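>>> Generate a structure from the sequence data that follows.
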Amino acid sequence: MAVSAALNPRIGILYVVATPIGNLDDITTRALSVLRDVALIAAEDTRHSARLLQHFGIMTPLAACHEHNERDQGARFLARLLAGEDVALISDAGTPLISDPGFHLVRQARAAGIRVVPVPGPCALITALSAAGLPSDRFVFEGFLPARTAARQARLERLKEESRTLIFYEAPHRLLECLGDLERIMGSDRLAVLARELTKTFETFQGLPLGELRAWVAADGNQQRGECVLLLGGWQAPSDNSVSAEALRVLDLLLKEMPLGKAAALAAEITGVRKNLLYQAALERRG
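Numbering: from 1, shown residues only. I've put the predicted structure just below:
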């Protein structure tokens with residue numbers, strides 16, 4: 001496969017190459033061809049990526065491109081590209097830039113008039129969504145939530161009434177704490193899915209209401225290891241015909257002290273629920 005610039009052969013191409021998130025057989029034929037043919041591979045962790053290249057017998061040189069040096073080292077890669085050499089950008093696993101380094105290099109390359117070509121492949125959030133059983137036509141990817149409790153809870157409060165499926169990455173040592181915050185803010189009944197160690201030997205998908213999922217993870221230390229993707233069903237507005245647990249509690253208290261009709265009317269004033277719904281609920285409770 002030739003990897004020379006189609007429009008201007010004197011300028012190289014920056015390839016953004018997805019690599020496996022676990023199972024090495026998931027790498028694409030095109031990705032292997034590009035990684036063999038480019039002059040240089042910009043990698044998040046050269047030691048980690050060296051093992052991947054060794055597995056496939058690829059001898060292309062590696063250079064570090066991670067979150068701590070990406071801005072400063074961008075000129076180094078741009079110089080190679082502008083000199084006519086092709087460069088591949090990879091992360092430790094999955095698609096670069098998706099909660100991984102690479103954004104600054106891609107932006108610098110585009111600003112310099114360098115062609116940027118995606119080589120698609122594995123991506124943990126899409127892999128998890130495809131098998132989670134949650135609505136997938138509309139979703140929001142939030143990446144990693146803030147590590148600090150207050151900031152994390154503030155972010156979740158802003159997402160509380162998001163109707164689309166929510167997708168998060170989470171570090172295993174923060175998984176339980178994150179699930180606790182999700183349960184408190186989103187409600188213990190909100191359906192959630194933990195997708196863990198995707199494509200690997202101990203791949204796990206577990207879908208439960210948040211309260212049950214948190215308890216399940218707490219009871220099994222093995223579920224607090226490895227790479228984690230959390231997916232959350234979107235918020236649904238209460239039905240006009242629904243009566244909340246709080247409204248029923250108020251109604252029950254009033255029914256102990258006054259006639260059914262008066263109790264329903266007063267409960268409606270207190271809770272804002274329609275009187276006819278509360279009246280019907282009172283009838284059912286009186287038997």
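
>>> Counting by contacts, list what the host helix or strand of Leu125 packs against.
Assigned by DSSP states H and E, Leu125 belongs to helix 124-132. Packing partners of helix 124-132 (3 or more CB pairs under 8 Å, 6 or more residues apart in numbering; DSSP states H and E): strand 165-170, strand 191-196, strand 204-209, strand 228-232. All C-beta atoms are positioned from the backbone trio N, CA, C, and that covers glycine.

>>> Using CSV, lay out those together with distance to Arg76 and mean neighbour count.
Output for the helices and strands packed on helix 124-132, formatted as CSV (distance: least, CB to CB, whole Å; neighbours: other CB atoms under 10 Å):
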stretch, distance to Arg76, mean neighbour count
strand 165-170, 29, 22
strand 191-196, 37, 23
strand 204-209, 41, 15
strand 228-232, 33, 24
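
>>> and those as a markdown table, adding mean pLDDT?
As requested, the helices and strands packed on helix 124-132 are exported to a markdown table (pLDDT from 0 to 100):
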| stretch | mean pLDDT |
| --- | --- |
| strand 165-170 | 98 |
| strand 191-196 | 98 |
| strand 204-209 | 96 |
| strand 228-232 | 98 |
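
>>> Glu85 is nearest to which of those?
strand 165-170 (32.9 Å; CB to CB).

>>> Can you give the strand pairings for that closest one, parallel or anti for each?
The strands beside strand 165-170 in its sheet (DSSP bridges) come out as strand 139-144 (parallel), strand 228-232 (antiparallel).

>>> Contacts for the helix or strand following it, please.
The helix or strand immediately downstream of strand 165-170 is helix 175-186, counting by DSSP H and E. Helix 175-186 is contacted by residues 145, 149, 152-153, 156-157, 160, 168, 170, 190, 192, 194, 210-211, 213-214, 217-218, 223-224, 228, 230, 232, 235 when judged by CB atoms under 8 Å, 6 or more residues apart in numbering.

>>> ok, which stretches of the protein are helices?
29-37, 46-55, 70-82, 103-111, 124-132, 149-159, 175-186, 210-218, 245-255, 260-271, 275-286 (DSSP state H).

>>> contact partners of the second one?
Right, helix 46-55. 19-20, 24, 35, 41, 43, 59-60, 62-64, 90, 92.

>>> one more time with 6 Å, if that's ok
For helix 46-55, contacts defined as CB atoms under 6 Å, 6 or more residues apart in numbering pick out Ala43, Leu62, Ala64, Asp92.

>>> Take the residues you listed and, keeping just the buried ones, write it as a ChimeraX select command.
Buried members of the contacts of helix 46-55, defined by 16 or more other CB atoms under 10 Å, are picked up in ChimeraX with:
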select :43,62,64,92
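
>>> Okay, and which of the contacts of helix 46-55 map to strands?
Ala43, Leu62, Ala64 (DSSP state E).

>>> ok, those residues vs Ala264, which is closest?
Among those, and counting by CB to CB, the member closest to Ala264 is Ala43, at 67.4 Å.

>>> So for Gly272, what's the pLDDT?
pLDDT, Gly272: 83.

>>> measure it to Glu246 for me?
10 Å (CB to CB, to the nearest Å).

>>> What about this protein, which residue is the most distant from its middle?
Centroid-distance maximum for the chain: Pro259 at 52.0 Å, with CA atoms, centre = their mean.
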